[in-house]
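Asker: fold the following and give me the result.
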Amino acid sequence: MTGKESSKQHIPERSCVICRQRFAKKELFRFVSGKGASDNELIPDDKKVMQGRGYYVCGNETCLERFKFFRPRKKKFRG
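Answerer: Sure thing, here's the model as predicted:
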């Protein structure tokens, strides 16, 4: 055994981009910037399977309201 009980299952966690609190992945809403989105647009990903950079938001009303004004930073390519 590796020290962990085999009966415990791993639950993936993600953090809300607004309040930075950690939640189980299934409790959060996911938005994607990638194919099909313009530069400043984020597409909701209800099934949580779309390709692209994902941004997670909790269900708190304050966070959802502030997320309307959220704009992700563009990563600079080094090459």
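Asker: phi first, then psi, for the residue nearest to the spatial centre of the chain.
Answerer: Nearest to the geometric centre of the chain sits Y56, at 2.4 Å (CA atoms, centre = their mean). Backbone torsions for Y56, taken as degrees, to the nearest 10, come to phi -110, psi 140.
Asker: just checking, R66 touches V17?
Answerer: No: in this structure R66 lies outside contact range of V17 using CB atoms under 8 Å: 9.5 Å. In short, each C-beta sits where N, CA and C put it, glycine included.
Asker: neighbour count for these two, which is higher?
Answerer: Taking neighbours as other CB atoms under 10 Å, R66 and V17 compare with V17 leading, 18 against 14.
Asker: per-residue pLDDT, that one?
Answerer: Turning to V17, the model gives it a pLDDT of 97.
Asker: please apply the same query to K74.
Answerer: 72.
Asker: burial of it, as a residue count?
Answerer: As a burial measure, K74 scores 8 neighbours (other CB under 10 Å).
Asker: gap between Q51 and R66?
Answerer: Computed as CB to CB, to the nearest Å, the Q51 to R66 distance reads 26 Å.
Asker: before we move on, what about P44?
Answerer: Counting by CB to CB, the gap from P44 to R66 is 16 Å.
Asker: where does this structure have low pLDDT?
Answerer: 1-6, 35-40, 75-79 (pLDDT under 70).
Asker: where do the strands sit along it?
Answerer: Here the chain has its strands, by DSSP state E, at 13-15, 22-24, 29-33, 43-44, 53-57.
Asker: so can I have JSON lines of those strands showing distance to S7?
Answerer: What follows is the strands of the chain, written out as JSON lines (distance: least, CB to CB, whole Å):
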{"stretch": "strand 13-15", "distance to S7": "19"}
{"stretch": "strand 22-24", "distance to S7": "18"}
{"stretch": "strand 29-33", "distance to S7": "29"}
{"stretch": "strand 43-44", "distance to S7": "35"}
{"stretch": "strand 53-57", "distance to S7": "28"}
